[in-house]
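Peer 1: Everything below, folded, please.
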Amino acid sequence: MPYEITTEDNGSRIITRYYGKLTAAEVYAAYTDRFTDIKKINQYKVLLNDYTDVTETVVSDVDVAKLAAIYTAAAMQNPHVIAVSIMPTDLQFGLGRMWEGYIFEIPWEEIIVRTQQEATQWLAKKLGA
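Peer 2: Numbers count the residues shown, from 1 in each chain. Got it, this is the predicted structure:
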């Protein structure tokens, strides 16, 4: 599987790193791993999605809309999450911006950035660190 999910801070910080050729099926699998257990969702405080090591992205606009619906449902279970996605390529960033158009009503604070440094700075600001 071209993703790895790790947790920190007793399960409240979820880090998903994607790598290699990434298809919609793998993103669906990662979403299923993170967003099907309501008990886990309610523990989340920070989600970090890192696409830095993805070499190819094969995701359609229809996939983006379906993934956004899954994400939105999770957000409604626990509205107290901040999330950052690192999407360094133009294609990834563009898909991310399209995805933001579908999730504009969620209660989570969400940002898409291009670098780990930007993600770290934004999280530090939001978490008061």
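
Peer 1: rest of the way, CA atoms for contacts and neighbours
Peer 2: Noted.

Peer 1: And the strands in the protein, which stretches?
Peer 2: Taking DSSP state E, the strands of the chain run over residues 3-8, 13-23, 46-58, 82-86, 109-113.

Peer 1: for Pro2, what are its contacts?
Peer 2: Tyr18, Tyr19, Gly20, Lys21, Leu22, Glu26 (Cα atoms under 8 Å, 6 or more residues apart in numbering).

Peer 1: measure it to Glu109 for me?
Peer 2: Taking Cα to Cα, to the nearest Å as the measure, Pro2 falls 26 Å from Glu109.

Peer 1: Where does pLDDT dip in this structure?
Peer 2: Under the criterion of pLDDT under 70, the regions of the chain flagged as low confidence span 1, 129.

Peer 1: Spatially central residue in it, please.
Peer 2: For the chain, Asn49 is the residue whose C-alpha lies nearest the centre (Cα atoms, centre = their mean; 4.2 Å).

Peer 1: ok, longest helix in the chain?
Peer 2: In terms of residue count, the longest helix belonging to the chain (DSSP state H) is helix 61-77.

Peer 1: Determine the set of other helices and strands touching it.
Peer 2: Contacting helix 61-77 under the criterion 3 or more Cα pairs under 8 Å, 6 or more residues apart in numbering; DSSP states H and E are the following elements: helix 24-35, helix 38-41, helix 90-102.

Peer 1: The ones you listed into JSON lines, with extra columns for mean neighbour count and distance to Asp53?
Peer 2: Shown next, in JSON lines, are the helices and strands packed on helix 61-77 (neighbours: other Cα atoms under 10 Å; distance: least, Cα to Cα, whole Å):
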{"stretch": "helix 24-35", "mean neighbour count": "16", "distance to Asp53": "14"}
{"stretch": "helix 38-41", "mean neighbour count": "14", "distance to Asp53": "26"}
{"stretch": "helix 90-102", "mean neighbour count": "16", "distance to Asp53": "11"}
